[in-house]
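# give the three-dimensional model of this entry:
(one chain, ligands or ions: 1)
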Amino acid sequence: MSNYHIKHLEEYFQVYRKSVNQPEAFWEEIAEENFMWRKKWNAVLDWDFSKPSVQWFRGAKLNITENCIDRHLLTRGDQTAILFEPNNPNEPAEPISYKQLSVRVNKFANVLKSKGIQKGDRVCIYLPMIPELSVALLACARIGAIHSVVFAGFSATALATRINDSDCKMIITSDGAFRGNKTIDLKGIVDEALDRCTCVESVLVVKRIESEIQMKSGRDFWIAPLLEKASDTCQIEIMDAEDPLFILYTSGSTGMPKGMVHSTAGYMVYSAYTFKNTFQYTENDVYWCTADIGWITGHSYIVYGPLANGATTLMFEGVPSYPDFGRFWEIVQKHKVNQFYTAPTAIRALAKHGTELVNTYDLSSLKVLGSVGEPINEEAWHWYNDNIGKRNSPIVDTWWQTETGGIMITPIPYVTPTKPTYATLPFIGIQACLMDENGQELKGNQVEGRLCIKFPWPSIARTIWGNHQRYKETYFSAYEHKYFTGDGALRDEVGYYRITGRVDDVIIVSGHNLGTAPIEDAINEHPAVVESAIVGFPHYVKGSALYGYVILKDTGESRKHDNLRKEINQIITEHIGPIAKLDKIQFTDGLPKTRSGKIMRRILRKIAANEMENIGDISTLLNPEVVQSIIDNKL
Ligand code: WTA
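Numbering: from 1, shown residues only. Okay, here's the model as predicted:
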């Protein structure tokens, strides 16, 4: 039996028990047998959730790119590492072998060095889903630079905030992006952001859409001529196990986005191990995750996890609706995809278009279907199972977070019996628990509470960049000695978990986490706005959509309201990005508040969801009368 690849349910239970009873011995064996180290560790684990501090494989030396690339060159150098499928279906797909990937990463790393990037420097990456994006991550990792990828749908303001927060010295971008039948002017957005950033010394630009762009002399460089000249060998930087590998921003309930810091060794071990088992990847399979590398799912399960296993990972530049809603299935057929990993919002958007298109494609290569990012509703689960998997490919509903670095609760396909809407059992090494409102752990089955983790796992984020105190307050203060996830969950009669959703002010819209506070801050900048409150409400495709309650300075004539709605969404687009636009905006004279002045979002949520009968007690409000007027004017 190899603990690295679990194939039977009994094996899962046996390995799980070992991972909990002897976590250090367990992870030591996984680390030792499956990865390349330049030096072994002095201690497998040091931890103290009260500080909080977690160190895995302390004292070990390694480079993650040696594990993701170099070690595969002898055994599978000609195998495809990254299979690039362009936005335009008429443009040929580009298979990049491990050998070619090695050349590209080494050259790119040398270019970074030639521009003065050194170990520990932060490099911001703002690129579309093209091979250079994966290459740029790996090139940073090779020389020990810390990458901070910003999703290329964020606005100039959001980009500038993230660049400044982690003091990035360089930004890597492209002249633009293809997205369906549109193009996006990425370089223009970068130029605007850089007006507000003094830390950036150089900008490397990939040519993708061949548009006319401004190049600032001395600061901006086309990357192609630099790559051409660069040597194709670049020595790895030997990293400490705990050296940061990357920063990735995620929204919090309040304030600035949080720059979650992931370290090298633990992240590598856990992302690789979860990839192998959650997708049951076997030699020569073609694996496809449709996420963007701008999110954690892309980091762990397009780039690092698959490559550490020597897998073939497909990277898709486009969108599911272009040239039509059959595109995903066309790609599955064309590349004989074996594992397909996507988000419930995509499944629902495709389900809306029926099965006629789906049925014109041969999907028989599929063995495993994955879901991630938000709870998958029963209807979407069955549509996916019936029409895509033909009831033949288990669905792995994987629960995890940017902060966890890897999958935490999931079925293992062909091992764990699945159950619609349930993420089922904790992954190996994950000690999940549910807590009640009084801070007591809920023991036994058939209970519902707040989801926490009792013990560290290798890829837990180590801190928030520049703000360890906030890290402690957000994740380790709600319950003593436990990591608090911010999610609610229930455990059924056999111990399966079902995630019920966020219990804080983070709203997941089309799989993207959005904090309400930054959106409200943006709206409040509009000169006509006094105050605003944002809540989520159920939406068939997006899962949740945003409902805004806005108080205007002068209630004015209602015919002006449509213009104001447009302007408010425009401000949100400028401050955050189009993903944060509101679906509904209700103008109101007041917001329900507690006597201490806090907005009662619970009430606003109920109204937005049309659940007026469940509003509950409003007598303790400062202004109970406002509730009825909001209900009367509900959109
Ligand atoms: C939610 C994405 C239910 C959850 C990997 C979590 C899920 C947040 C699931 C993290 C799932 C993710 N079922 N909810 N299978 N997967 N979530 O940081 O609320 O973008 O806390 O990481 O998404 O989102 P993030």
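
# for the ligand, what is the nearest residue in the stretch 451-600 of the chain?
The minimum distance from the stretch 451-600 of the chain to the ligand, using Cβ to the nearest ligand atom, falls at residue 499 (3.6 Å). The C-beta positions use only the backbone N, C-alpha and C, and glycine is treated the same way.

# could you point out which element follows the helix or strand hosting that residue?
Per DSSP states H and E, residue 499 falls inside strand 497-502. Next in sequence after strand 497-502, counting helices and strands by DSSP H and E, comes strand 506-509.

# dump the residue contacts of residue 179.
Applying Cβ atoms under 8 Å, 6 or more residues apart in numbering, we find residue 179 in contact with 87, 128, 318-319.

# JSON lines for the residues you listed, including pLDDT and neighbour count?
Converted to JSON lines, the contacts of residue 179 look like this (pLDDT from 0 to 100; neighbours: other Cβ atoms under 10 Å):
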{"residue": "87", "pLDDT": "98", "neighbour count": "24"}
{"residue": "128", "pLDDT": "98", "neighbour count": "26"}
{"residue": "318", "pLDDT": "98", "neighbour count": "22"}
{"residue": "319", "pLDDT": "97", "neighbour count": "17"}
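
# tell me if I'm right that residue 536 and residue 505 touch.
No. With contact defined as Cβ atoms under 8 Å, residue 536 does not count as touching residue 505 (9.3 Å).

# pick out whichever of the two has more residues nearby.
residue 536 (25 against 19; other Cβ atoms under 10 Å).

# hang on, the more buried one in a strand?
Yes. Per DSSP: H, G, I helix; E, B strand; the rest coil, residue 536 lies within a strand segment.

# count of residues packed around residue 403?
22.

# can you tell me the closest non-neighbouring residue to it?
residue 461 (4.6 Å; Cβ to Cβ, 6 or more residues apart in numbering).

# re earlier: mean confidence for the strand holding residue 499?
Average pLDDT, strand 497-502: 95.

# now it: how far from the chain's centre is it?
Computed by Cα atoms, centre = their mean, to the nearest Å, the chain-centroid distance of strand 497-502 equals 17 Å.

# again with stretch 340-360
21 Å.

# buried ones in it?
340-351, 357-358 (16 or more other Cβ atoms under 10 Å).

# state the distance from residue 540 to residue 366.
25 Å (Cβ to Cβ, to the nearest Å).

# which outside residues touch stretch 626-635?
547, 549, 584-592, 603-604, 607, 610, 612, 615, 618, 621.

# quick one: list the elements packing against the lengthiest helix in the chain.
Scanning the chain for the helix with the most residues, using DSSP state H, yields helix 98-114. Where contact means 3 or more Cβ pairs under 8 Å, 6 or more residues apart in numbering; DSSP states H and E, helix 98-114 is packed against helix 73-76, strand 80-85, helix 131-143, helix 223-229.

# returning to that earlier point: so the residue nearest to residue 403: helix, strand or coil?
Assignment for residue 461 (three-state DSSP): coil.

# thought residue 528 was touching residue 561?
No. If you go by Cβ under 8 Å, residue 528 and residue 561 don't touch, sitting 10.2 Å apart.

# residue 59: neighbouring residues, count only.
For residue 59, using other Cβ under 10 Å, the count is 13.

# how about the contacts made by it?
Contacts of residue 59 (Cβ under 8 Å, 6+ apart): 39-43, 240-241.

# same thing with residue 47?
Residue 47 touches 53-55, 456, counting by Cβ under 8 Å, 6+ apart.

# model confidence for it, exactly?
98.

# is it bridged to anything, and to what?
Using DSSP bridges, the bridge partners assigned to residue 47 are residue 54.

# now it: how far from the ligand?
22 Å (Cβ to the nearest ligand atom, to the nearest Å).

# cool, and residue 603?
Taking Cβ to the nearest ligand atom, one finds residue 603 at 22 Å from the ligand.

# which SS class is that residue?
helix.

# does it touch residue 592 like I think?
Yes. Applying Cβ under 8 Å, one finds residue 603 in contact with residue 592, separated by 4.9 Å.

# so what sits against both of those two?
Each of 618, 627 lies in contact with both residue 603 and residue 592 under the rule Cβ under 8 Å, 6+ apart.

# the ligand contacts on this protein?
250, 295-297, 371-375, 397-402, 423, 485-487, 499, 502, 508, 513 (Cβ under 6 Å from any ligand atom).

# related to what we said a few turns ago, neighbour count and pLDDT for the contacts of residue 47 - can I get that in TSV?
Formatted as TSV, those follow (neighbours: other Cβ atoms under 10 Å; pLDDT from 0 to 100):
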residue	neighbour count	pLDDT
53	14	98
54	21	98
55	21	98
456	22	98
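
# TSV please, covering those residues and showing distance to residue 132.
As requested, the contacts of residue 47 are exported to TSV (distance: Cβ to Cβ, whole Å):
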residue	distance to residue 132
53	36
54	33
55	33
456	34
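
# give me the contacts around stretch 492-503.
Counting by Cβ under 8 Å, 6+ apart, residues outside stretch 492-503 touching it are 374-375, 399, 409, 419, 421-426, 432, 445-446, 448, 450-451, 486-491, 508.

# do stretch 155-163 as well
With Cβ under 8 Å, 6+ apart, stretch 155-163 has contacts from 124, 126, 148, 150, 154, 171, 189-190, 192-197, 199-200, 249, 256-257, 259, 573-577.

# before we move on, back to that, contacting residues for the residue nearest to residue 403?
Residue 461 is in contact with 260-262, 402-405, 471, counting by Cβ under 8 Å, 6+ apart.

# now do 7 Å
Residue 461 is in contact with 260-262, 403, 405, counting by Cβ atoms under 7 Å, 6 or more residues apart in numbering.

# show me the helices in the stretch 251-400 of the chain, by range?
265-278, 296-298, 305-308, 327-335, 344-351, 378-383 (DSSP state H, counting those that start in this stretch).

# the fifth one versus helix 327-335: what angle between them?
Calculated by axes from the mean of the first three to the mean of the last three Cα atoms, to 10 degrees, helix 344-351 forms an angle of 90 degrees with helix 327-335.

# by contact count, what packs against helix 344-351?
helix 378-383 (3 or more Cβ pairs under 7 Å, 6 or more residues apart in numbering; DSSP states H and E).

# sorry, back to before: so of the contacts of stretch 155-163, which ones are in strands?
Judged by DSSP state E, strands contain the following of the contacts of stretch 155-163: 124, 148, 171, 249, 259.
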